[in-house]
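Enquirer: quick one, fold the following:
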Amino acid sequence: MYSTQQLATLSGVSARTLRYYDQIGLLTPPLTANGYRQYGPAEVDRLQLILTYRALGFALADIRTLLDQPPAQRVQALAQQREKLLANRRLVDQQLAQLEVTLTNQKGESNMPDTEKFAAFKQAQIKANDEAYGNEVTAKYGNAAKAAADARFAGLSEAQYNAMTVAETQLKTALLAYLTAPALPGADAAAAYHAHREWLLATTPQLTPVMHRGLAAMYVADPRFTAYYTKLTGSKQAAAALQAIVDYYAIEE
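Expert: Residues are numbered from 1 along each chain as shown. Sure, this is the predicted structure:
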């Protein structure tokens, strides 16, 4: 049996952290007659699992749920986490490869043409987007539509890419203005809609109102898309606001 301090010394976890785990119901040892926590073999094993899941990137709330599930569901959760970590590793590998190319060029050790620099950047971004959203986009619009969008993005000229970036900036500005005083219809809402449409048309010239509304709905349904617009504007309401705007303006002609 271990006291809080003894288990802290053994595990390398601070006594404060062990007390916090007790408070949130993650690791609750029995108490001695004088009210002190006492950790036995079951608690030590549970702590080992907690630390393992933490090292694998699970949040504490998820760990608490996971530990109460049957082994089969734990295995499934671990398999899903493995896929996430593999995707993150591939993304980091792509970023490192791009960094090496850029670093070599910046040090004057290569004479990379501007077109090659831009092409490498676009390919890295396509791969990153594919890792993050590829499955959802393919499921919703099909392999052909996704491949066409990727090919169009890869074929953008620097001027076209810059125009796409400008459209994104205009979208951010318009959304921020709309969020201060939401109104449909309204000048800010209309500006946000047109900027978003121009941004999408850069890679999806066949964009229809139905497709536009479907994408906007995905922004709310998928937390990864929601996070993108939250980061873009600093507001957690941005994705929902954009969906409302697109639903209003994206009508069949």
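Enquirer: helix/strand/coil for residue 216?
Expert: helix (DSSP: H, G, I helix; E, B strand; the rest coil).
Enquirer: how about it: what's its closest non-neighbour residue?
Expert: Of all residues not flanking residue 216 in the chain, residue 246 sits nearest, at 3.8 Å (CB to CB, 6 or more residues apart in numbering). All C-beta spots, glycine's among them, are computed from the backbone N, C-alpha and C.
Enquirer: ok, now residue 171?
Expert: Nearest to residue 171 is residue 195, by CB to CB, 6+ apart, at 4.0 Å.
Enquirer: which positions within the helix or strand the one you found falls within qualify as buried?
Expert: Under the criterion of DSSP states H and E, residue 195 resides in helix 187-201. Residues of helix 187-201 classed as buried by neighbour count (16 or more other CB atoms under 10 Å): 188, 189, 190, 191, 192, 193, 195, 196, 197, 198, 199, 200.
Enquirer: is it true that the third one touches residue 249?
Expert: Yes: between residue 190 and residue 249 there is a contact under CB atoms under 8 Å: 6.8 Å.
Enquirer: quick one on the thing from earlier: buried stuff in whichever helix or strand the residue nearest to residue 216 is part of?
Expert: Residue 246 is part of helix 238-249 when elements are defined by DSSP H and E. Residues of helix 238-249 classed as buried: 238, 239, 241, 242, 243, 244, 245, 246, 247, 249 (neighbour count, 16+ other CB under 10 Å).
Enquirer: from residue 214, how far out is the fifth one?
Expert: To tie it back to what came earlier, the one meant is residue 243. 10 Å (CB to CB, to the nearest Å).
Enquirer: can you check the second one too?
Expert: Plainly put, residue 239 is 14 Å away from residue 214 if you go by CB to CB.
Enquirer: so where does the residue nearest in space to the middle of the chain fall, helix or strand?
Expert: Central residue of the chain (CA atoms, centre = their mean): residue 224, 4.1 Å from the mean position. Using DSSP H and E, residue 224 sits within helix 223-233.
Enquirer: which helices and strands does that helix pack with?
Expert: Other elements packing on helix 223-233 under the criterion 3 or more CB pairs under 8 Å, 6 or more residues apart in numbering; DSSP states H and E are helix 114-141, helix 158-180, helix 209-221, helix 238-249.
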